[in-house]
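*Asks:* Structure for this input, please:
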Amino acid sequence: MDEPLKAIDQVSTTAIDLAMRFGPKALVAILILAAGVYAGRWAGRATLAALARFHLDPPVRGLLEKIVRVFVLALFGIMALQNLGVELLPLIAGLSVAGAGIALAMQGVLGNVVAGLTIIFTRPYRVGDYISIQKEEGEVLDISMFSTVLGHPDRSRIVIPNRKIVGEILHNYGTLRQLDVEVGVAYDTDMGAALRAVEETLRANPRVLQDPRPVIGVARLAPSQVAIAVKPWVNVPDFAPASAEVQQAILQSFRSRNIVIPFPQREVHMRAA
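*Replies:* Have a look, this model is predicted:
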């Protein structure tokens, strides 16, 4: 019975001794870290306020705010470790070795981060632009450190890792898209009247933009018809509905003006044997 009591007494004595020696330092270190958290938040808000005068994209402002908060918290963390008497040089050396191993194991993640920084600072596209890359296209909904989210016209979302974007050929439509409609008329059609009908149809559609001016003209001479190119500009959200509306309106306009849209024809001559 005496040995367990002595062991418990020894443990209690050791715990009290450690608490007396390191308790105040640990308490001070906790207070320093708490102060660092509040200081980081204050520095982040101050950074956002300072960046408000610059025309920066939200992802850039958010990234800079996070960097400032992490930097301030890291400074307070170093102060807390020094208060505890931790030797920083061996710790930094150990973290460097561990960091190298982690970097090798997380090459894909780090590649996305580097690519995300490249996208955020070079700004090849912004939130709201319509882009096409690697057979995928959509409106840019979000740009983060790891990926870019596109909104597809069918209301689905496409998440593309940033490393798949940097270095690839990117088509940025901006906030406008151009319709590519083609309609055929018979060769004996009054082309002036047909082009005026198309122009009036485009002016009547509220989705079609008048600046930039729509492109209307003869595209090619097909075997059984004259193809008219109709290429107006619309806002990105209006692309799909405007295409259907424009084609339906042109069909109705041609019918009301007796402008013939010919069927494909082929003449066959029969020779007597």
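*Asks:* Residue 218 and residue 169, how far apart?
*Replies:* Distance, residue 218 to residue 169, by C-beta to C-beta, to the nearest Å: 31 Å. For every residue, glycine as well, the C-beta is placed using N, CA and C.
*Asks:* Between the two, tell me which one has more neighbours.
*Replies:* Shown here are residue 218 and residue 169; by other C-beta atoms under 10 Å, residue 218 has more neighbours (13 against 7).
*Asks:* beta partners for that one?
*Replies:* Beta-bridge partners for residue 218, by DSSP bridges, are residue 228.
*Asks:* Isn't it up against residue 230?
*Replies:* No: between residue 218 and residue 230 there is no contact under C-beta atoms under 8 Å: 11.1 Å.
*Asks:* Just the element for the residue lying closest to residue 129 once chain neighbours are set aside, please.
*Replies:* Closest residue in space to residue 129, ignoring its immediate chain neighbours: residue 140 at 5.1 Å, by C-beta to C-beta, 6 or more residues apart in numbering. Taking DSSP states H and E as the definition, residue 140 sits inside strand 136-143.
*Asks:* hey, where'd the strands end up in the chain?
*Replies:* For the chain, the strands defined by DSSP state E occupy 130-133, 136-143, 147-151, 157-161, 171-174, 176-178, 181-185, 208-209, 215-221, 226-231, 233-235.
*Asks:* For residue 153, see how far away the residue nearest to residue 132 when sequence neighbours are not counted is.
*Replies:* In space, and not counting its chain neighbours, residue 132 is closest to residue 171: 4.1 Å by C-beta to C-beta, 6+ apart. When distance is defined by C-beta to C-beta, residue 171 is 15 Å away from residue 153.
*Asks:* higher neighbour count, those two?
*Replies:* Neighbours per residue (other C-beta under 10 Å) separate residue 171 from residue 153, with residue 153 holding more: 13 against 10.
*Asks:* Now stretch 224-244: average pLDDT?
*Replies:* Here stretch 224-244 scores 90 as its mean pLDDT.
*Asks:* contacting residues around residue 184?
*Replies:* 222, 224-228, 261-262 (C-beta atoms under 8 Å, 6 or more residues apart in numbering).
*Asks:* okay, the residue nearest to residue 132: pLDDT?
*Replies:* Per-residue confidence (pLDDT) for residue 171: 91.
*Asks:* before we move on, what about residue 91?
*Replies:* So residue 91 comes in at 56 (pLDDT).
*Asks:* Please apply the same query to residue 106.
*Replies:* pLDDT, residue 106: 49.
*Asks:* Over to residue 38?
*Replies:* What the model reports as pLDDT for residue 38 is 85.
*Asks:* same check, this time on residue 198
*Replies:* Residue 198 is assigned a pLDDT of 92 by the prediction.
*Asks:* Now do it against residue 78, distance only.
*Replies:* Distance from residue 198 to residue 78, by C-beta to C-beta: 70 Å.
*Asks:* Neighbour count: these two, which is higher?
*Replies:* Applying other C-beta under 10 Å to residue 198 and residue 78 shows that residue 198 carries more neighbours, namely 26 against 15.
*Asks:* Just the helices from this structure, written as ranges.
*Replies:* Ranges of helices in the chain, per DSSP state H, are 2-51, 58-83, 88-105, 107-122, 191-204, 239-256.
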